[in-house]
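Engineer: Structure for the following, please:
(one chain, ligands or ions: 1)
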Amino acid sequence: MPARLEIEGGVPLRGTVKVSAAKNATLPAMAAALLTAAPVTLGNAPDLADVRTMTRLLETLGGTVSRRPGGLSVQVAGVTSDLAPYELVSTMRASVLVLGPLVARHGTARVALPGGCAIGPRPIDQHLKGLGKLGAEIAIENGYVIARASRLKAARITTDLVTVTGTENLMMAAVLAEGTTVIENAAREPEVVDLATLLTAMGARIQGAGTARIEIEGVAELRGAVHRVVPDRVEAGTLIVAAAITRGDVTVTDLVPDHISSVLAKLDEIGVVLETGPTWVRARGPERLRPADVTTSPFPGFPTDMQAQVMTLLGLADGQSRVTETIFENRFMHVAELARMGARIETDGAIAVIRGVPCYQGAPVMASDLRASAALVLAGLAAHGTTIVSRVYHLDRGYERLEAKLGGLGARIERRA
Ligand code: EPZ
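Structural biologist: Model (predicted):
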């Protein structure tokens, strides 16, 4: 896929656009297929770079993944390798999601440590501590986690911090453990709930998903299932901001408004005109945007994955805003690029102070991570002139056909080699 997007800014987006299924629910759901020899079908799995990476990873472990119209099926009839190699894990941190199910199904796992990424070191110590409590022997050798357990045993686990994939890994390990496991301080994200829904359809016994206390009663084995993945709340939020920042009028459909209530509340405060239905949100961009302060926090707080997008919007507001990023150490990579388009943003550690400007100027900019690249596309849609966003392979990891969706709303956006 060519790696640049060329955007002619200044066009108010109008029309209706459908949200795809969530990347961050599809990836754990694919890993869950390791827990059974039967097929797991995800009827609406999105076609994303990260989904293709997880496909390759499951195939190296002995799985077969078949794409079908709109979705995919994963079947791991037998685990033929327990190795998640560095060259795959280093491109996608979510590869670590095979660790829990591999140990639970196969008894051993060798998973490369994910290492850092653009937004911070992102260790997996909570994943390993929890697996240890479940009876796995954990060693770190030559940059790999080596985990082994003849049979995992239930435990009471309290994670030191809220971790989304940590909660998901431990839930997938516990479903086949002997006895009843309790995870305290669990992540409450909708993607965690969606994974619990799939695991339950596979025969797992899980209570409390979506709360900070999840109880899992281990079973002897799991069956296959057919599952529809929850809509992508981050894509939904991104498309709503696109409407707002271009002073457009867009109805975003096939989403769960409750999954982005913190985002909708903040956009309302900023002055975006919102109407919410059971599975849709209509967003109209106001003439003037009001400044606001944003602090990211675990669900149901304001999601870190929407921080770069809302900062881009606040960059055009009438006044000064503050954005505090509490989840990741280095998630302001978009600031320097936005500044090249005329934004006035000062960062100091976890805090960014944004002084609104009347408009952005189109410019050549470079994406650094998935959500930063979305923010640069949003800035380009609003800017006067032409913006070229390079390294959009970051964008392709988590947004399905974004330029087609935006083009369908009137945006002048083309992919260029
Ligand atoms: C998930 O990442 C998402 N990815 C991220 O989305 C999202 O930003 C993040 O949750 C927070 O909501 C997937 O679900 C595939 P964490 P995850 O474990 O699970 C620290 C996107 O753009 N931590 O909740 O990796 C960690 O360093 C991506 O779609 C530990 O210290 O995030 C971070 O600072 C980006 N030790 C914080 O906790 C651990 O063992 C939250 O991390 C685990 C995490």
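Engineer: Give me every residue in the stretch 151-300 of the chain lying close to the ligand.
Structural biologist: Contact residues, the stretch 151-300 of the chain versus the ligand (Cβ under 6 Å from any ligand atom): Leu161, Thr163, Val164, Thr165, Gly166, Glu191. Where you see a C-beta, it was placed from the backbone N, CA and C, and this is true even at glycine.
Engineer: Kindly report the same for the stretch 1-150 of the chain.
Structural biologist: Lys23, Asn24, Leu27, Arg93, Ala94, Gly120, Arg122, Pro123, Ile124, Asp125, Gln126, His127.
Engineer: coming back round to it: going by neighbour count, which of the residues of the stretch 151-300 of the chain next to the ligand are buried?
Structural biologist: Thr163, Val164, Thr165, Gly166, Glu191 (16 or more other Cβ atoms under 10 Å).
Engineer: any idea how far the spatially closest residue to the last one that is not a sequence neighbour is from Ala339?
Structural biologist: Nearest in space to Glu191, with sequence neighbours left out and distances taken as Cβ to Cβ, 6 or more residues apart in numbering, is Ala25 at 4.2 Å. Separation of Ala25 from Ala339 (Cβ to Cβ, to the nearest Å): 34 Å.
Engineer: the more surrounded of the two?
Structural biologist: The residue with more neighbours, out of Ala25 and Ala339, is Ala25; 28 against 15, by other Cβ atoms under 10 Å.
Engineer: isn't that one right up against Leu195?
Structural biologist: Yes. Using Cβ atoms under 8 Å, Ala25 makes contact with Leu195 at a distance of 6.8 Å.
Engineer: Kindly tell me how buried the closest residue in space to Arg148 that isn't next to it in sequence is, as a neighbour count.
Structural biologist: Spatially, and ignoring its direct neighbours in sequence, Arg148 is nearest to Thr108 (4.4 Å; Cβ to Cβ, 6+ apart). By other Cβ under 10 Å, 16 other residues sit near Thr108.
Engineer: My read is that Thr108 contacts Ala84, right?
Structural biologist: No. Using Cβ under 8 Å, Thr108 is not in contact with Ala84; the gap is 11.7 Å.
Engineer: okay, and the common contacts of those two?
Structural biologist: Common neighbours of Thr108 and Ala84, using Cβ atoms under 8 Å, 6 or more residues apart in numbering, are Leu102.
Engineer: is it possible to export the buried ones among the residues of the stretch 151-300 of the chain next to the ligand to a markdown table including distance to Ala154?
Structural biologist: Below are those laid out as a markdown table (distance: Cβ to Cβ, whole Å):
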| residue | distance to Ala154 |
| --- | --- |
| Thr163 | 20 |
| Val164 | 22 |
| Thr165 | 21 |
| Gly166 | 17 |
| Glu191 | 24 |
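Engineer: In helices, which of those appear?
Structural biologist: Val164, Thr165, Gly166, Glu191 (DSSP state H).
Engineer: In the stretch 251-400 of the chain, what residue spans correspond to helices?
Structural biologist: Remark: helices assigned in the stretch 251-400 of the chain by DSSP state H, counting those that start in this stretch are 261-270, 307-314, 333-340, 370-382, 393-396.
Engineer: if we compare the ones you listed, which one ends up closest to Ala292?
Structural biologist: For the helices of the stretch 251-400 of the chain, proximity to Ala292 was assessed by Cβ to Cβ; helix 261-270 is nearest, at 4.8 Å.
Engineer: buried set for the closest one?
Structural biologist: So for helix 261-270, counting by 16+ other Cβ under 10 Å, buried means Ser262, Val263, Leu264, Lys266, Leu267, Ile270.
Engineer: And that helix, how far out from the chain middle?
Structural biologist: 19 Å (Cα atoms, centre = their mean, to the nearest Å).
Engineer: who does that helix touch, helix- and strand-wise?
Structural biologist: Helices and strands touching helix 261-270, by 3 or more Cβ pairs under 8 Å, 6 or more residues apart in numbering; DSSP states H and E, are helix 233-245, strand 273-276, helix 307-314.
Engineer: and these as a markdown table, adding mean pLDDT and distance to Pro39?
Structural biologist: Output for those, formatted as a markdown table (pLDDT from 0 to 100; distance: least, Cβ to Cβ, whole Å):
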| stretch | mean pLDDT | distance to Pro39 |
| --- | --- | --- |
| helix 233-245 | 98 | 27 |
| strand 273-276 | 98 | 37 |
| helix 307-314 | 98 | 36 |
